[in-house]
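Novice: test case, fold it:
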Amino acid sequence: MILVAYIKLTFHLFKGFWIVLWTFHQVSDSNKKKYVQNWCGQLLDIFQVRLEVFGGTIDDQFPALVVSNHISWLDIHVLNAYLPLRFVAKKEVSTWPIFGVMAKKIRTLFIDRQTKGDSRNISNAIVEAFKDGDQICIFPEGTSSDGTKVLPFHSGLFQSVINTQVPCIPVAISYQSVKTKKISTAPAFIGEMSLLQSIQSTLRESPLVVRLDIGEPLVGMSDRKVLSDKAREVIMLLRGGNNSAPK
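Specialist: Residues are numbered from 1 along each chain as shown. Modelled structure (predicted):
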């Protein structure tokens, strides 16, 4: 079964590569988003990951800063399967084979953690993206965890919300094993783990459920540190789950 999944994944990656290189420049922005959403949904199917969404919604007609905890390289594809977003990612992602090219083509903003002041530059770029009506997603932990906790948030990129007063929407991501019904750390992409190791771990653990809990928009705040702390608090509460049915 894992071999079959690898074959499907290989074809799917090249399909996505072909789409962003040869199709994107011919279609409208709305159709680009449909391509991204469908491709990411199909990727989850290959990994036997079922997406369930709880709580609020993200309106794609208005700019917003979407803030999420970060567990896996899959997180971006999970969120895009729900609603295509623009992301802020570490600079290293731009060098990944295939994924890096695709990330550039969907207008990912790359942040260089080693360059002093780059957070301010990215924050300014986010403000400009808001003017275009974009929804931008950040992972303010600055790294990924194993999914059992939410790491402290860096507040730098929250300045984009303070400057514009667009909504800040907290989203909690969690992965669960279908077999054990417990939180799964298999998709985690942490430490010195390679992308291939994370892919193998996820395939071995499948089928999985990935849960998105969308919180109410945070608005009207004037201090980025207060806002980042509040967003983290909401995400930790959302990870506690609820008894509502998925959408």
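
Novice: by contact count, what packs against the longest helix anywhere in the chain?
Specialist: In terms of residue count, the longest helix belonging to the chain (DSSP state H) is helix 2-22. Contacts defined by 3 or more CB pairs under 8 Å, 6 or more residues apart in numbering; DSSP states H and E place helix 2-22 against helix 29-46, helix 99-105, helix 195-205. (C-beta placed from N, C-alpha, C; glycine too.)

Novice: what's the angle between it and helix 29-46?
Specialist: Counting by axes from the mean of the first three to the mean of the last three CA atoms, to 10 degrees, helix 2-22 points 170 degrees away from the direction of helix 29-46.

Novice: mean confidence for helix 2-22?
Specialist: For helix 2-22, the mean per-residue pLDDT is 89.

Novice: buried residues in it, which are they?
Specialist: 5, 13, 16-17, 19-20 (16 or more other CB atoms under 10 Å).

Novice: what's the closest of those residues to residue 42?
Specialist: Distances from residue 42 to the buried residues of helix 2-22, taken as CB to CB, are shortest for residue 16 (9.1 Å).

Novice: give me the number of residues near residue 48?
Specialist: 16 (other CB atoms under 10 Å).

Novice: per-residue pLDDT, it?
Specialist: pLDDT, read off for residue 48, is 96.

Novice: residues contacting it?
Specialist: 5, 206-208 (CB atoms under 8 Å, 6 or more residues apart in numbering).

Novice: and these as JSON lines, adding distance to residue 38?
Specialist: Formatted as JSON lines, the contacts of residue 48 follow (distance: CB to CB, whole Å):
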{"residue": "5", "distance to residue 38": "19"}
{"residue": "206", "distance to residue 38": "20"}
{"residue": "207", "distance to residue 38": "20"}
{"residue": "208", "distance to residue 38": "20"}
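
Novice: what score does the residue nearest the centre of the chain have for pLDDT?
Specialist: The centre of the chain sits closest to residue 76, judged by CA atoms, centre = their mean, with a distance of 3.1 Å. In this model, residue 76 is scored at 94, pLDDT.

Novice: can you name the next helix or strand after the helix or strand where it lies?
Specialist: Assigned by DSSP states H and E, residue 76 belongs to helix 74-82. Going down the chain from helix 74-82, the next helix or strand is strand 86-90, by DSSP H and E.

Novice: any idea which helix or strand in the chain has the lowest mean pLDDT?
Specialist: helix 99-105 (a mean of 81; mean pLDDT, DSSP states H and E).

Novice: against which helices or strands is the strand or helix carrying residue 124 packed?
Specialist: Residue 124 belongs to helix 118-131 when assigned by DSSP H and E. Judged by 3+ CB pairs under 8 Å, 6+ apart, helix 118-131 is in contact with strand 86-90, strand 109-111, strand 135-138, helix 159-164.

Novice: pull out the buried positions in it.
Specialist: 119, 122-123, 125-127, 129-130.

Novice: now render these as a markdown table, adding distance to residue 159 and pLDDT.
Specialist: Output for those, formatted as a markdown table (distance: CB to CB, whole Å; pLDDT from 0 to 100):
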| residue | distance to residue 159 | pLDDT |
| --- | --- | --- |
| 119 | 8 | 83 |
| 122 | 10 | 91 |
| 123 | 5 | 91 |
| 125 | 12 | 92 |
| 126 | 9 | 94 |
| 127 | 9 | 94 |
| 129 | 14 | 94 |
| 130 | 12 | 96 |
